[in-house]
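Asker: Fold the following, please.
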Amino acid sequence: MTHQRHLEQQGLVHQDLHPALVAIACRAESELRVAASVLVDERLHPELLGEACELAARRGSLLKIHEMSPRPTLGKEAQRLARIRALLDAENLNVHACEVDILGRRGRAAPSLLSSVVSRSSKDTYTPAWWVPGAHLQTLWGKLVRRPPAVPTRAERWSTPDGDTLEIRRLDARGNAPPGTPRLLILHGLEGTIRSHYVHGLLDQARRRGWAADVLIFRGCNGELPQAPRFYHSGETTDLDFVIDRLVREHPGQPLLLAGVSLGGNVLLKWLGERGEAVPTQLRAAVAVSVPFDLERGSRQIERGFARLYTFHFLRTLRRKALAKLAREPGLFAEAPLRAARTLTDFDEAVTAPLHGFASAHDYYTQSSAQHFLGAIRCRTLLISAFDDPFLPREVLDDVALVAAFNSLITVEFHRRGGHVGFVSGVIPWRALYYAESRALEYLAEHASRPTAHSAV
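Answerer: Predicted coordinates for the structure are as follows:
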């Protein structure tokens, strides 16, 4: 009898187990844990799992690669591009037609395990530009090649409770804008300014829709040293809290939308998690692009290989500001460790941690990483990132997708490619499109007129 039951169980297993699941079982344990959590999540639409199983069996047919050669007639854009290519690793110089990515369904996670076997078309799909190959070139394109549209803004200086000032760059709504026209607040990335290409890209998107928009310039990023004994950092949310409270008071009937990029996205998500259900009723939705969800793993990631170029770029301006601040206010932190810093971790150990009350860089990263605050977010939020982001290990996005799967207010759209704040698309270089910016405004517009959501399942 026992032998008979054993045979019946074996028959059920062989009958029900799909070949795609066998392939999944061969994956690394870290990927398998994420996949398992998604497969047993009853909230996932059955169509997604069905497509995963069907397409996994014929994955080979989806992996066709078409070689393309850019022509010299591409003009000045290609010439500027050529100056960058010499810096890239050989594997990043291959120009391939790109596969379509899977996205998280609204309120669902899209872990990399599924995105590696499923391909689907939708209005939310990002297809990388064939002429911007590789993660590093996607990352560098905006700063070195892109010429973003000029969007005139006016500067206002707001006095802060600690005796300092914040610079807010403002774009007024279209003159004939009806009541209830949304207002967008933009948070820039590490060492960003009003001149950052993505800031002007987002401002241009808002202007086209007739919205009002504001840019919070973090302390020390407007060319002036802060008056207070502090700088900005990835977990500093008091300035954002101050700005949002003032915007809500001054524009009580205006829907408020938030967009954070890179470090600004980390600040945004941390603030949303800290406020929880206490977010203002005017706040309708938020978008965070290329967020370094795990600050410690992200800092280690850009200490290796070609990514050290980014570390050098950031340290050059961070060190200069810190030395100037130290010359004006001696004793804020030790000068020798600052001068000896060769990585962002070194800088955070020497400056960020002691200046802002953290015990160490590790303590700063632990308390400030956005990943720890995702579960408490009670505002509709879109996360846009790429698995090839050179600022972050791929495994971090797997972990984020797992956490976000349990918060229905978070929409995850993690793409296979796109670099860090890249997401360049388009058929030809002189008509480049920037997916993350257009997708962000599309999402925000979709939710601008909807009441604030406070419950997550």
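Asker: Show residues contacting the helix or strand residue 298 falls within.
Answerer: Secondary structure assigned from DSSP states H and E places residue 298 in helix 295-301. Applying C-beta atoms under 8 Å, 6 or more residues apart in numbering, the external contacts of helix 295-301 come out as 234, 266, 292, 307, 343-345, 348, 361-362, 364-366, 368-369, 390-393, 395-396. Quick note: C-beta positions are derived from backbone N, CA and C, even for glycine.
Asker: Separate out the buried members of those residues.
Answerer: The neighbour-count test (16 or more other C-beta atoms under 10 Å) applied to the contacts of helix 295-301 identifies 234, 266, 292, 307, 343-345, 348, 361, 364-366, 368-369, 390-393, 395-396 as buried.
Asker: Can you list the buried residues in the helix holding residue 298?
Answerer: Within helix 295-301, the residues that count as buried by 16+ other C-beta under 10 Å are 295-299, 301.
Asker: CA atoms only for that helix, dumped as PDB, please.
Answerer: Output for helix 295-301, consisting of C-alpha atoms alone and laid out as PDB, is shown next (Å, rounded to 0.1, in the frame of the first residue of the first chain):
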ATOM      1  CA  LEU A 295      23.500  52.400   0.300                       C
ATOM      2  CA  GLU A 296      26.200  50.100   1.600                       C
ATOM      3  CA  ARG A 297      26.100  47.600  -1.300                       C
ATOM      4  CA  GLY A 298      25.800  50.500  -3.700                       C
ATOM      5  CA  SER A 299      28.800  52.300  -2.400                       C
ATOM      6  CA  ARG A 300      30.800  49.100  -2.600                       C
ATOM      7  CA  GLN A 301      29.600  48.500  -6.200                       C
END
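Asker: next one: that helix to chain centre, how far?
Answerer: 15 Å (C-alpha atoms, centre = their mean, to the nearest Å).
Asker: what about residue 308, how many neighbours?
Answerer: Taking other C-beta atoms under 10 Å as the neighbour definition, residue 308 ends up with a count of 13.
Asker: Repeat that for residue 205.
Answerer: As a burial measure, residue 205 scores 24 neighbours (other C-beta under 10 Å).
Asker: Please identify the helix or strand for it.
Answerer: Using DSSP H and E, residue 205 falls in helix 197-209.
Asker: ok, residues contacting that helix?
Answerer: Around helix 197-209, the neighbours that count as contacts under C-beta under 8 Å, 6+ apart are 142-143, 146, 148-151, 153, 171, 182, 184, 186, 188-189, 192-193, 212-213, 215, 259, 261, 289, 421, 434, 436-438, 440-441, 445.
Asker: can I get the CA coordinates of the helix or strand following that helix in PDB?
Answerer: Counting by DSSP H and E, the element after helix 197-209 in chain order, helix or strand, is strand 212-217. Written as PDB, here are the backbone C-alpha positions of strand 212-217 (Å, rounded to 0.1, in the frame of the first residue of the first chain):
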ATOM      1  CA  ALA A 212       3.600  73.900 -12.000                       C
ATOM      2  CA  ALA A 213       6.900  72.500 -10.900                       C
ATOM      3  CA  ASP A 214       9.500  73.100  -8.200                       C
ATOM      4  CA  VAL A 215      13.100  71.700  -7.800                       C
ATOM      5  CA  LEU A 216      14.500  71.400  -4.300                       C
ATOM      6  CA  ILE A 217      18.200  72.100  -4.500                       C
END
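Asker: Relative to strand 212-217, what are the paired strands and their orientations?
Answerer: Each strand pairing with strand 212-217, determined using DSSP bridges, is listed with its direction: strand 165-171 (antiparallel), strand 183-187 (parallel).
Asker: quick one: residue 398 from residue 263, how far?
Answerer: With distances taken as C-beta to C-beta, to the nearest Å, residue 398 is found 21 Å from residue 263.
Asker: how about the helix ranked longest in the chain: buried residues?
Answerer: Counting residues, the longest helix in the chain under DSSP state H turns out to be helix 308-328. In terms of neighbour count (16+ other C-beta under 10 Å), helix 308-328 has its buried residues at 310-311, 314-315, 318-319, 321-322, 325-326.
Asker: so what's residue 210 up against?
Answerer: Residue 210 neighbours (C-beta under 8 Å, 6+ apart): 173-174, 177, 181.
Asker: Separate out the buried members of these.
Answerer: With burial judged by 16+ other C-beta under 10 Å, the buried subset of the contacts of residue 210 is 173, 181.
Asker: Flag the least confident of the contacts of residue 210.
Answerer: Taken together, these show their lowest pLDDT at residue 177, with 79.
Asker: low pLDDT regions in this protein?
Answerer: Scanning the chain for pLDDT under 70 picks out 1-124, 452-457.
Asker: What segments of it are strands?
Answerer: If you assign secondary structure with DSSP state E, the strands in the chain sit at 154-159, 165-171, 183-187, 212-217, 256-261, 283-289, 380-386, 410-415, 424-425, 433-434.
Asker: Helix 197-209 and the third one, what's the angle between them?
Answerer: Think strand 183-187. Relative orientation of strand 183-187 and helix 197-209, computed by axes from the mean of the first three to the mean of the last three C-alpha atoms, to 10 degrees: 180 degrees.
Asker: list the contacts for the closest residue to residue 190 other than its chain neighbours?
Answerer: Once flanking residues are discounted, residue 190 sits nearest to residue 263: 4.3 Å by C-beta to C-beta, 6 or more residues apart in numbering. Residues touching residue 263, when contacts are defined by C-beta under 8 Å, 6+ apart, comprise 188-190, 192, 234, 292.
Asker: which one of these sits closest to residue 332?
Answerer: Looking at those and their distance to residue 332, the nearest is residue 234, at 19.2 Å (C-beta to C-beta).
Asker: Confirm for me that the closest one is in contact with residue 368.
Answerer: Yes: counting by C-beta atoms under 8 Å, residue 234 does reach residue 368; the two are 5.0 Å apart.
Asker: got any residues that touch both of these two?
Answerer: Here residue 234 and residue 368 share the contacting residues 266, 270, 295, scored by C-beta under 8 Å, 6+ apart.
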